[in-house]
Structures are given as C-alpha cells and as structure tokens.
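Chemist: sequence and predicted model, in that order:
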Amino acid sequence: MDWIWSPWRFHYVSQASAHGCPLCDALGKPDDESLILYRGRENFIILNLFPYTSGHLMIAPLSHIAELSEVGKDASDEMMDLAKWSQRILRETYHPHGFNLGMNLGRAAGAGIADHFHLHVLPRWFGDTNFTTVISESRVIPEDLRTSYSKLRVQFSAARP
C-alpha cells in the first residue's frame, strides 16, 4: 500500500464531522483562517480544501441550501457573476489552458458537502492529469493552499465583480 502524507489537512478532517457543514463553519471564521476569498451579498468564494488543481475554488450561497432549485434568483444570478469573475482572476493568476465548472447535487452525484450546494471552478492545464493519477489514483498539487490563498486574495481584493 502506498501512503501519501498531507498533514495540513488534519485540522479540517478532524473537525469537519464534529461541526456539521464545513461551508457554514467557514463563514463564522476570519477569511484568512477559512480561506474565504470574497464575501458577496448572497454568495461567497472559498478555496477548496481538497483541490483537484491549484486554484480550485468554490462559490456557495451564504444560506445553507442543498438544492440549486431552491435558491432565489438574486443568489443564482450573483453566483454566475462570481463564476465569471473567478474565471477571469484564475486566468490572470494561473494562465490555465481551460476550466471546469460544475456542481455535484446530492451524495449520489458525488457531493462531498451534500447539504450546502456549491459551484466548483477549476483551472486546468494540458497534462495536469498524469501517470500519478492513472496509476495510484492520486493527484499531485504543486502549490500549497496558503500560497494559493495569498495569490488569489490579492486579486479578489483589488477588484470587484
């Protein structure tokens, strides 16, 4: 069996099940502690603590809502505006070859946080899935979360959507 060490994830993993919703928990902490990049009127932008690529972020409603169909028009409109803004910032910061945007609604669809829907925005590069992913079903993220947060927080603070 192969072991991959990621000790920086212990804090999140050890507390996630004790507090309920990690997205709601993040809202109650300082932005730099929870890795929140931006707080809007209806939604917030946060780095994914389990990223597929560097710069992988999520946009979630401030309200604890499980279903996209249950959110109001103002919140869904703002979410799309924040997705466009996030894509521009990620493009300027990371220069990716493309993007994945998506939602996993419900456990059966692969949602890690099924009770609080959110939109994933991931920069992608040719070759970012390599032999490590194929052979060991693991991903190698070349940048730690604090570095990603520092880079992106500057960009999200400098401009507004």
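Modeler: Perfect, I can see it now.

Chemist: any low-confidence regions in the chain?
Modeler: Scanning the chain for pLDDT under 70 picks out 1-19, 129-142.

Chemist: which residue ranges of it form strands?
Modeler: All strands of the chain, identified by DSSP state E, fall at 36-39, 43-47, 57-61, 98-102, 119-124.

Chemist: turn the ones you listed into a markdown table, including mean neighbour count and distance to Leu23.
Modeler: For every residue, glycine as well, the C-beta is placed using N, CA and C. As requested, the strands of the chain are arranged in a markdown table below (neighbours: other CB atoms under 10 Å; distance: least, CB to CB, whole Å):
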| stretch | mean neighbour count | distance to Leu23 |
| --- | --- | --- |
| strand 36-39 | 20 | 10 |
| strand 43-47 | 24 | 7 |
| strand 57-61 | 25 | 5 |
| strand 98-102 | 13 | 16 |
| strand 119-124 | 21 | 12 |
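
Chemist: quick one: which of those is nearest Ser86?
Modeler: In terms of CB to CB, the element of the strands of the chain nearest to Ser86 is strand 119-124, at 4.8 Å.

Chemist: need the contact partners of the closest one.
Modeler: 48, 51-60, 79, 83, 86-87, 90-91, 94, 96-104 (CB atoms under 8 Å, 6 or more residues apart in numbering).

Chemist: go again with 7 Å.
Modeler: Strand 119-124 is contacted from outside by 48, 52-53, 55-59, 79, 83, 86-87, 90, 94, 96-103, using CB atoms under 7 Å, 6 or more residues apart in numbering.

Chemist: over to stretch 21-36?
Modeler: Here stretch 21-36 has contacts from 16, 19, 44, 46-47, 60, 62, 64, 113, 115-116, 118, 145, 149, using CB under 7 Å, 6+ apart.

Chemist: ok, of those, which one's closest to Pro161?
Modeler: Nearest member of these to Pro161, counting by CB to CB, is Phe44, at 12.3 Å.

Chemist: burial count for the residue nearest to Arg41 when sequence neighbours are not counted?
Modeler: In space, not counting the residues next to it along the chain, Arg41 is nearest to Glu78; the distance is 6.3 Å by CB to CB, 6 or more residues apart in numbering. Neighbour count of Glu78, defined by other CB atoms under 10 Å: 20.
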